[in-house]
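Student: Could you work out the structure for the sequence below:
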Amino acid sequence: MTTETRQAPAWMVVMAFLLDLITSFAVFGYLIAALTGGLTEGGFDLTGAPALALFALMIAYFVGLGRYGGGTLWQWVLGTRPR
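Tutor: Below is the predicted model:
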């Protein structure tokens, strides 16, 4: 019994990455801004340590879920997660 593995099209992999990037930036940015007082009328404004915390969380999201979670949110949704 053989199992055939299909590779996702490149455009779907890129789309999943871009959607993950936007989603993680928006969600983590809003949460950090809400905790540190960086919310503005137009969204959030992070500088210094809160901005570094945002980028650290985004890196942890991609590395952690990619390696240990079986794929990121949009990789699961679009079916492009690594097998």
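
Student: Give me the neighbour count for Ile22.
Tutor: 11 (other CB atoms under 10 Å). C-beta coordinates here come from the backbone N, C-alpha and C atoms, glycine included.

Student: how far away is it from Glu4?
Tutor: Distance, Ile22 to Glu4, by CB to CB, to the nearest Å: 32 Å.

Student: In the chain, where is pLDDT below threshold?
Tutor: Counting by pLDDT under 70, the ranges of the chain that qualify are 1-3.

Student: for it, what spans make up the helices?
Tutor: 10-36, 49-68, 73-78 (DSSP state H).

Student: mind putting the ones you listed in TSV, distance to Gly43 included?
Tutor: Shown next, in TSV, are these (distance: least, CB to CB, whole Å):
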stretch	distance to Gly43
helix 10-36	8
helix 49-68	13
helix 73-78	21
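
Student: Buried deepest among the ones you listed, which one?
Tutor: The highest mean neighbour count among the helices of the chain, using mean count of other CB atoms under 10 Å, belongs to helix 73-78: a mean of 17.

Student: Output the contacting helices and strands for it.
Tutor: Judged by 3 or more CB pairs under 8 Å, 6 or more residues apart in numbering; DSSP states H and E, helix 73-78 is in contact with helix 10-36.

Student: Alright, calling it a day.
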